[in-house]
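In: coordinates only, sequence not included:
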């Protein structure tokens, strides 16, 4: 988010004029979870589609899930 904001030439203070509090925007840039409603507002401000904004964020997540969700083998009793 920080990179996108800077690329568009906005400061964190500028984000206040779009309806974000300074603290909320700082939390967004810090990677805190956001609602879909907030995500849509961000897309509107930066005139970007949601798919373009979130593209690549799931990179590697499926491999991590495979490791955690893989069925465990039972140990044989001897």
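Out: Received it, and whenever you're ready, just let me know what you need. Here the structure is a predicted model, which is why all the values come from computation and not from measurement.
In: Sketch out the low-pLDDT regions of the chain for me.
Out: 61, 64-78 (pLDDT under 70).
In: Tell me where it has strands.
Out: With strands called from DSSP state E, the chain shows none.
In: Where is the longest helix in it?
Out: The longest helix of the chain (DSSP state H) is helix 36-46.
In: roughly how far is it from the heart of the chain?
Out: 11 Å (CA atoms, centre = their mean, to the nearest Å).
In: same deal with stretch 14-32?
Out: Relative to the chain's own centre, stretch 14-32 is displaced by 13 Å; criterion: CA atoms, centre = their mean.
In: And stretch 34-44, by the same measure?
Out: Centre to centre, stretch against its chain (CA atoms, centre = their mean), the figure for stretch 34-44 is 10 Å.
In: since we're on residue 28, how many residues are nearby?
Out: By other CB atoms under 10 Å, the residues close to residue 28 number 20. In short, each C-beta sits where N, CA and C put it, glycine included.
In: Correct me if wrong: it contacts residue 45.
Out: No: if you go by CB atoms under 8 Å, residue 28 and residue 45 don't touch, sitting 11.2 Å apart.
In: Helices of the chain, residue ranges please.
Out: With helices called from DSSP H, the chain shows them at 2-7, 22-29, 36-46, 50-54, 61-69.
In: and the longest one, what other elements does it pack with?
Out: Going back to what we said before, that points to helix 36-46. helix 50-54 (3 or more CB pairs under 8 Å, 6 or more residues apart in numbering; DSSP states H and E).
In: could you give the angle of the longest helix of the chain to helix 22-29?
Out: 90 degrees (axes from the mean of the first three to the mean of the last three CA atoms, to 10 degrees).
In: How about helix 36-46, which residues are buried there?
Out: Judged by neighbour count using 16 or more other CB atoms under 10 Å, the buried positions of helix 36-46 are 42-43, 45-46.
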